[in-house]
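S.K.: show me how the following folds:
(one chain, ligands or ions: 1)
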Amino acid sequence: MKAEVEMGNVVNKTPSRLWNAMHRYNPDAEQTVAVSGEGSWFTDENGKKYLDGVSGLWCLNLGYGRQEIVDAAAEQMKKLSYFPLTMSHQPAIDLADKISDLLGANYQTFFSNSGSEANETAFKVVRQYHHQTGNPGKYKFISRYRGYHGSTLGALSATAQANRRVKYDPGVPGFLHVYPPYSYRSIFGGEAEESDLKAAQMLEEMINWEGEETVAAFIMEPFISGGGVIVPSTKYIQRVTDICKKHNVLLIMDEVVSGYGRTGKMFGFMHAEGVQPDIVTMAKGLTSGYLPLGATAVKSEIYDAFTKEGKDNHLRHVSTYGGHPAACAVALKNIEIIERENIVERVRNLGKKKLGKLHQLIGHENVGEVRQIGFLLGLEMVADKRSKIPLNELKMAGIIGKCKQEGLIIGKNGDTVPGQNNVLIVAPPLTSTEDDLDFIVETLS
Ligand code: PLP
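M.R.: I've put the predicted structure just below:
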């Protein structure tokens, strides 16, 4: 087996001094060094072009090489190259306002550098909030199996994927997991929506059994991405929101992947009418990957608890680079383009009209289920439809390797049997042309 592409990441030639993310050591691997990119395509050092069907790590929402974004960063760097958010700067103030507008309610935003940090920040905010509102015993976090929330120890403790945690456990105490709304392999039975609602019920059971006075928050992606693209009924999202409200359990919506248009709404939770999370975390599409930036947006009612007079009542949390002026300027330009070019509507339309053609692959004997929301699509690969045994690693790698040979980068994840990734991932830049999308469908088919 030649180069292995996991999550479609681009790695350097071995041997080198670079320690690549997620790569199994393979001295014979022929690896890819990217040198330039434009639109949905990047070029390697040999001049070969690839369509980046996973948007880097699902972050390049506006694709490679947008001059306007590069200029916004350069102009800001010339004006104010760095400034800490222990004080303020205008791009961060403007961006926090914009995020609140986009979320459709009053939110106060704390900036960091990544999705993991955005979630870590949320966990600290939640625990401190409960302390300052008379519930110091509320410290437990509930997340879902298959959910991914980041690589740092707290975020990893919320991440319930066996292959990411083995040899790193124990994690941070106080993190519990419930079964996700995964109807394809439902342990609950029933039709998809019924199974999803039973998964929601499991959250309430857990809160009751643990004692609501101990449970601080529930963290979820509206659509599990790294755990195999799971698209529940929107009623599931509404139901867990209601359960959280009923038990004074804060709802943290991890929009790191699903934010900024990927699913055909500005934020994934907006597919579910009436849902307004207590905290929304974001990164990736916030800057389309042009510079690192994470954000934790907190409902103003929660923020109020941090504004009261008293020792240690303020959030004692700081990030040297979080909310870097250039990153905030890039985010503002990124959002301006998303709005100006109607990217969210584009994703809704072309997701159906073009990427949606991949649903035809359900006719193939090894495709167990095709799950899609906007420009986020997963093909659950099985040995055969009846047994649903996950397609083996070698065959998965073979498909990904063949696509790469043909110039298409796709990824895999899922962790269906712990450690076994049998879901093929397609998540191209939201600006992909119709020809690009046709190329993806044809190559994969
Ligand atoms: N949350 C989700 C849903 C993610 O998919 C990721 C990364 O893939 C993260 C959080 C962590 O983001 P980062 O890699 O920027 O720390």
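
S.K.: and the closest residue to the ligand within the stretch 151-300 of the chain, what element?
M.R.: In the stretch 151-300 of the chain, no residue comes nearer to the ligand than Val256, which is 3.5 Å away by CB to the nearest ligand atom. To be clear about C-beta, it is placed using only N, CA and C from the backbone, and glycine gets the same treatment. Of the helices and strands defined by DSSP states H and E, none includes Val256.

S.K.: who's in contact with it?
M.R.: For Val256, the contacting residues are 115, 118-119, 150, 221, 281-284, 294, by CB atoms under 8 Å, 6 or more residues apart in numbering.

S.K.: as a markdown table, these with distance to the ligand would be great.
M.R.: Converted to a markdown table, these look like this (distance: CB to the nearest ligand atom, whole Å):
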| residue | distance to the ligand |
| --- | --- |
| Gly115 | 2 |
| Ala118 | 7 |
| Asn119 | 6 |
| Gly150 | 4 |
| Glu221 | 5 |
| Thr281 | 7 |
| Met282 | 9 |
| Ala283 | 5 |
| Lys284 | 6 |
| Gly294 | 6 |
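
S.K.: within range of the ligand, give me the residues from the protein.
M.R.: 57, 114-116, 119, 148-151, 221, 225-226, 254, 256-257, 283 (CB under 6 Å from any ligand atom).

S.K.: 5 Å instead, please
M.R.: 114-116, 148-150, 221, 226, 254, 256-257, 283 (CB under 5 Å from any ligand atom).

S.K.: just to revisit the earlier point, widest-spaced pair of the contacts of Val256?
M.R.: Glu221 and Gly294 (14.9 Å; CB to CB).

S.K.: quick one: the helices in this structure?
M.R.: 55-58, 67-79, 90-103, 115-132, 153-158, 162-165, 192-210, 234-246, 300-304, 325-340, 343-353, 393-405, 434-444 (DSSP state H).

S.K.: now the ones you listed in a markdown table, with mean pLDDT?
M.R.: A markdown table is the format used below for the helices of the chain (pLDDT from 0 to 100):
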| stretch | mean pLDDT |
| --- | --- |
| helix 55-58 | 97 |
| helix 67-79 | 98 |
| helix 90-103 | 98 |
| helix 115-132 | 98 |
| helix 153-158 | 97 |
| helix 162-165 | 86 |
| helix 192-210 | 97 |
| helix 234-246 | 98 |
| helix 300-304 | 97 |
| helix 325-340 | 98 |
| helix 343-353 | 98 |
| helix 393-405 | 95 |
| helix 434-444 | 98 |
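
S.K.: not counting sequence-adjacent ones, nearest residue to the spatially most central residue of the chain?
M.R.: Closest to where the C-alpha atoms of the chain average out (CA atoms, centre = their mean) is Val257, at 2.6 Å. Nearest residue to Val257, sequence neighbours excluded (CB to CB, 6 or more residues apart in numbering): Ser225, at 4.1 Å.
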